[in-house]
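Using only what follows, build the 3D model:
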Amino acid sequence: MPWIFPALSALLSRVSDLLSISISHAAEKIRDGVRFATVGLIGREQLAELIMLAAVAQEHLLVIGPPGTAKSAVVRRVAQSMGGRYFEYLLGRFTEPSELFGPVDLRKLREGRVETDVSGMLPEADIAFLDEVFLGSTAILNSLLGVLNERRFRRGHTQIECPLRVCVGAANGLPEDEALAAFADRFLLHLFVDPVPDHQLEAMLSGGWHSEQRSIVQHLDLEHLDTLSQALKSVDLSHARPALANAIRTLRQAGVSLSDRRIVKAQRLIAAAALLGGRTEAGEADLWPLLYVLPTREAQQQGRELLRELFAKACNNNLFSVVEEASQQPLSRVSRLLEAARNCLGGDSAERRLEMEALLRELDANFSRDNIPPALDAVRLRLMAQLLSPA
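Residues are numbered from 1 along each chain as shown. Okay, here's the model as predicted:
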């Protein structure tokens, strides 16, 4: 029956095409979620994108920065955009485990069983945000390790599988205590945030004023995240691994070390980056998450310079800001500039025209007539034509 093999091949090809369409659709929906969640939050797209990357990879993110830098606002709005059960808590020196995990069930205790009522608490959350995470007691941190690493909560007779997609921890600085440093290492991604720079103050004021008057609605389902997470193991990393190994060697030779565990788990982020770009095969363009695996600000600064040539190849159709920050080279800005241009061309108000002028200045500062990508050149001409037309 020789006809079976061509038919089977055609069926497998069709299944592969449908999977690619599903992955691309899920990645685009996640981009929409990031876009709507960060409206008015100037300079915080990077954080929102890393939350999505971490959620797809089923890893966790640690955000380091001073108070008042909109860390909690971004996480909260991304969670609202994603849907699912959200848990948030500000830890302190006297925080009790029950405040995170739930109280002991008194009815069961009278029956001689120690069980925890986790209703509405961290063990039931799909997305969690723990502010001042290093202020937790030893008992809290030990229980957190089980939830973060194994997605399981254990206390007494209570044994619960946790649905947690991603936990975002926040602190003002990295801990010096060795025990706390070991706990910080359980967050695979580290992001360092600073206050909005001077040249973006006007945009921050305007965006903040308007964002307080709008509500965030759900723009995607957890199914979109789960579609990508379930496809993680099917991503082909064979083309990315040699470049990843060479990058690790380069870092080691310069004295920038990573634990074996972090190196191995970095592959999950690389696979997630490929999926969020709509692909099931990872390449050198998807190695940029390695920057955020480096645990300190100094290591990240050094890593960006050491891996400059590698990160120059970074690109992603749906994660603009994190790629741009990793590369800090003109070509990494193409996707963001294209989206900004399309948004500007959608209206002709005085505010829009100012945005167009600013965008044209950025385009001309980054690209010459000889090296501007064709797609950007086309939107540049459209921006100029709209600005020259009567208001």
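
Where does the prediction get shaky in the stretch 51-200 of the chain?
106, 109, 112, 196-200 (pLDDT under 70).

Try it again at 80.
The model of the stretch 51-200 of the chain has pLDDT under 80 over residues 68-70, 104-114, 156-157, 195-200.

where exactly do the strands run in it?
Assigned strands in the stretch 51-200 of the chain, in chain order: 61-64, 86-90, 127-131, 152-155, 158-161, 166-171, 189-192 (criterion: DSSP state E, counting those that start in this stretch).

Same list (the ones you listed) but as a markdown table, adding distance to Ala266.
C-betas here are computed from N, CA, C, even on glycine. Putting the strands of the stretch 51-200 of the chain into a markdown table (distance: least, C-beta to C-beta, whole Å) gives the following:
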| stretch | distance to Ala266 |
| --- | --- |
| strand 61-64 | 14 |
| strand 86-90 | 27 |
| strand 127-131 | 22 |
| strand 152-155 | 24 |
| strand 158-161 | 26 |
| strand 166-171 | 16 |
| strand 189-192 | 10 |
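
Those into TSV, with extra columns for distance to Glu45 and mean neighbour count?
Below are the strands of the stretch 51-200 of the chain laid out as TSV (distance: least, C-beta to C-beta, whole Å; neighbours: other C-beta atoms under 10 Å):
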stretch	distance to Glu45	mean neighbour count
strand 61-64	14	24
strand 86-90	20	16
strand 127-131	18	25
strand 152-155	33	18
strand 158-161	33	14
strand 166-171	15	26
strand 189-192	12	22
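
leaving aside the residues next to it on the chain, what's closest to Thr69?
Val193 (5.1 Å; C-beta to C-beta, 6 or more residues apart in numbering).

Show me which residues of stretch 280-287 are buried.
Thr280, Ala282, Gly283, Glu284, Ala285, Asp286, Leu287 (16 or more other C-beta atoms under 10 Å).

Surely the third one is in contact with Ala240?
It stands for Gly283. Yes: with contact defined as C-beta atoms under 8 Å, Gly283 counts as touching Ala240 (5.7 Å).

Identify the contacts common to these two.
Listed as contacting both Gly283 and Ala240 by C-beta atoms under 8 Å, 6 or more residues apart in numbering are Ala274.

and the strand or helix carrying Ser229, what does it pack onto?
Element membership for Ser229 (DSSP states H and E) is helix 222-230. With contacts taken as 3 or more C-beta pairs under 8 Å, 6 or more residues apart in numbering; DSSP states H and E, helix 222-230 sits against helix 4-37, helix 45-57, helix 260-276.

What segments of the stretch 201-350 of the chain are helices?
Ranges of helices within the stretch 201-350 of the chain are 201-211, 222-230, 241-253, 260-276, 290-293, 297-306, 308-311, 321-327, 334-344, 350-366, based on DSSP state H, counting those that start in this stretch.

any idea how far Cys315 is from Asp286?
Distance of Cys315 to Asp286, given as C-beta to C-beta, to the nearest Å: 9 Å.

can you list the domains in this structure?
Domain segmentation of the chain under automatic domain parsing yields 12-193, 236-329, 333-388.

so which of those gets nearest Asp226?
Among those, domain 12-193 comes nearest to Asp226, with 8.2 Å by C-beta to C-beta.

overlap in contacts of Cys315 and Asp286?
Listed as contacting both Cys315 and Asp286 by C-beta under 8 Å, 6+ apart are Gly277.

residue closest to the middle of this protein?
Geometric centre of the chain, nearest residue: Leu50, 1.5 Å, by C-alpha atoms, centre = their mean.

Wait, that one touches Leu189, no?
Yes: using C-beta under 8 Å, Leu50 is in contact with Leu189, at 5.7 Å.

Give me the common contacts of these two.
With C-beta under 8 Å, 6+ apart, Leu50 and Leu189 have common neighbours Leu61, Tyr292.

got the phi/psi numbers for Arg382?
phi -70, psi -40 (degrees, to the nearest 10).

will you turn the helices and strands packed on helix 222-230 into TSV that also has distance to Arg342?
Shown next, in TSV, are those (distance: least, C-beta to C-beta, whole Å):
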stretch	distance to Arg342
helix 4-37	11
helix 45-57	16
helix 260-276	20
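
And those helices: which comes nearest Arg352?
Here helix 4-37 is closest among the helices and strands packed on helix 222-230 (C-beta to C-beta), at 16.9 Å.

Next, count neighbours for Leu237.
The number of residues packed around Leu237, counting by other C-beta atoms under 10 Å, is 16.

Spell out which residues sit in contact with it, please.
By C-beta under 8 Å, 6+ apart, the residues touching Leu237 are Gln267, Ile270, Ala271, Ala282.

quick check, nearest of the residues you listed to Ala57?
Ala271 (7.2 Å).

Could you find the closest non-adjacent residue to that closest one?
Spatially, and ignoring its direct neighbours in sequence, Ala271 is nearest to Val235 (3.9 Å; C-beta to C-beta, 6+ apart).

The one you found and Ala282 touch, don't they?
Yes: between Val235 and Ala282 there is a contact at 5.7 Å, judged by C-beta under 8 Å.

Quick check: neighbours shared by the two?
Residues touching both Val235 and Ala282 (C-beta under 8 Å, 6+ apart): Ala271, Ala274.

Any idea how many residues pack against the closest residue to Lys233 other than its chain neighbours?
Computed as C-beta to C-beta, 6+ apart, the closest residue to Lys233 that is not its neighbour in sequence is Ala271, at 8.0 Å. Other residues within reach of Ala271, judged by other C-beta under 10 Å, total 26.

Ser368 sits in which helix or strand?
Using DSSP H and E, Ser368 maps to neither a helix nor a strand.

Low-confidence stretches in the stretch 201-350 of the chain?
201-221, 329-333, 335-336, 343-344, 346-350.

of all the helices and strands packed on helix 222-230, which lies closest to Gln328?
In this view, those are compared for proximity to Gln328 by C-beta to C-beta, and helix 45-57 is the closest at 12.2 Å.
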